[in-house]
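Coordinates for the following, if possible.
(one chain, ligands or ions: 1)
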Amino acid sequence: MGVPGNEAADQAAKDAALLASHHYRILEAQDPSQLAQRHRQRRDQNQAPPNTGPEGLAESRQRVGRQAMPARPLQTLTANCRQQLQTLYQSEWVQQWAANPHGSLLRKIPTFASPGKKLLELHIGLRRAASSAAIQLQTGKVALGEYLASISAAETNQCHCGLGVQDVDHILTKCPIYRDERRETLWVAPPRETDYRRILSQAPLLKRAAQFILNIRILGQFRCLPVTYKVTY
Ligand SMILES: [Zn+2]
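Take a look at the predicted model:
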């Protein structure tokens, strides 16, 4: 049996990953080179051993016939495929956004009442672990006292500082334990934002918030990262 706090942290990471998967799939759909790579991987996986019997010969003739037909330019096919994937993922994303029980904190931020490009753009340039940490902060499904207590993985939702509930707002903007790190990371340059919803909805501030939460090493699942870890490449 694992440590309850770590299990909850892992679950929080999985929840966040579920939400993040649509972000990455849409970003990937916008990148033709990744689409082409995925297409090649699927083609290689689906390639069956050659059938040398009569049926195989007939199939080969049909294939040759098809290959003899004028091929559509690969670029056109890729663009068409990309467009269809984008439409599909966007539709799935909107549906999940409305119905998914996770991510309620993010939906409370007016900018993100519905999913869109603005949300994706916040994660451009962020490394994978940092993007995951950022999503956990945005969704509130993060291994802090408030969430852990809500799933019975912690006895209390109170912060060690004794000044209230240990939630995203408290850790990012209020907790005195992390005052120095906050000053050196999150508030290292103007604006010295104290509204956590604005911090989580603006790209420069979200990057700093991710760096801050990783630097204070409060989230168990990220403690294996080196202390020199930077959230951007
Ligand atoms: Zn505190």
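
I'd like to know how far residue 150 sits from the ion.
Per CB to the ion, to the nearest Å, residue 150 is found 17 Å from the ion. All C-beta atoms are positioned from the backbone trio N, CA, C, and that covers glycine.

Could you check how far the closest residue to that residue other than its chain neighbours is from residue 145?
Excluding the flanking residues, the one nearest residue 150 by CB to CB, 6 or more residues apart in numbering is residue 157, at 7.3 Å. To residue 145, residue 157 is 4 Å away according to CB to CB, to the nearest Å.

who has more neighbours, those two?
Per other CB atoms under 10 Å, whichever of residue 157 and residue 145 has more neighbours is residue 145, with 22 against 16.

what number of residues lie near residue 122?
By the criterion of other CB under 10 Å, residue 122 has 24 neighbours.

Please tell me I have it right and it contacts residue 130.
No - counting by CB atoms under 8 Å, residue 130 is not a contact partner of residue 122; they are 11.3 Å apart.

picking up where we left off before, hey, what's in contact with both of residue 157 and residue 145?
Here residue 157 and residue 145 share the contacting residues 165-167, scored by CB atoms under 8 Å, 6 or more residues apart in numbering.

Mark which of those residues are buried, thanks.
Among those, the ones that count as buried by 16 or more other CB atoms under 10 Å are 166-167.

which one of the shared contacts of residue 157 and residue 145 sits closest to the ion?
residue 166 (5.9 Å; CB to the ion).

Phi, psi for residue 126 please.
Backbone torsions for residue 126, taken as degrees, to the nearest 10, come to phi -80, psi 140.

List the beta-bridge partners for it.
residue 232 (DSSP bridges).

Model confidence for residue 155, exactly?
Per-residue confidence at residue 155 stands at 96 (pLDDT).

pretty sure it is touching residue 149, no?
Yes - counting by CB under 8 Å, residue 149 is a contact partner of residue 155 at 7.3 Å.

So the two - more neighbours on which side?
residue 149 (17 against 10).

next helix or strand past the helix or strand containing the more buried one?
Residue 149 belongs to helix 145-150 when assigned by DSSP states H and E. Heading C-terminal from helix 145-150, the first helix or strand you meet, by DSSP H and E, is helix 168-169.

can you list contacts of that next one?
Residues from elsewhere that reach helix 168-169, judged by CB under 8 Å, 6+ apart: 105, 137, 140, 142, 144, 146, 196, 200.

Would you tell me which residues of the protein are close to the ion?
159, 161, 175 (CB under 5 Å from the ion).

Please list only the buried members of these.
159, 175.

Show me where this protein has its helices.
Applying DSSP state H to the chain gives helices spanning 4-29, 32-46, 54-68, 74-99, 104-107, 117-121, 128-139, 145-150, 168-169, 179-181, 196-199, 203-215.

What's the local residue count around the residue nearest to residue 211 when sequence neighbours are not counted?
Of all residues not flanking residue 211 in the chain, residue 231 sits nearest, at 4.7 Å (CB to CB, 6+ apart). As a burial measure, residue 231 scores 23 neighbours (other CB under 10 Å).

now swap in residue 200 and tell me
With other CB under 10 Å as criterion, residue 200 counts 27.

need the contact list for it.
For residue 200, counting by CB under 8 Å, 6+ apart, the contacting residues are 106, 109, 134, 137-138, 168, 206, 209.

need those in JSON lines with neighbour count, can you?
Below are those laid out as JSON lines (neighbours: other CB atoms under 10 Å):
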{"residue": "106", "neighbour count": "23"}
{"residue": "109", "neighbour count": "16"}
{"residue": "134", "neighbour count": "24"}
{"residue": "137", "neighbour count": "26"}
{"residue": "138", "neighbour count": "29"}
{"residue": "168", "neighbour count": "23"}
{"residue": "206", "neighbour count": "23"}
{"residue": "209", "neighbour count": "28"}
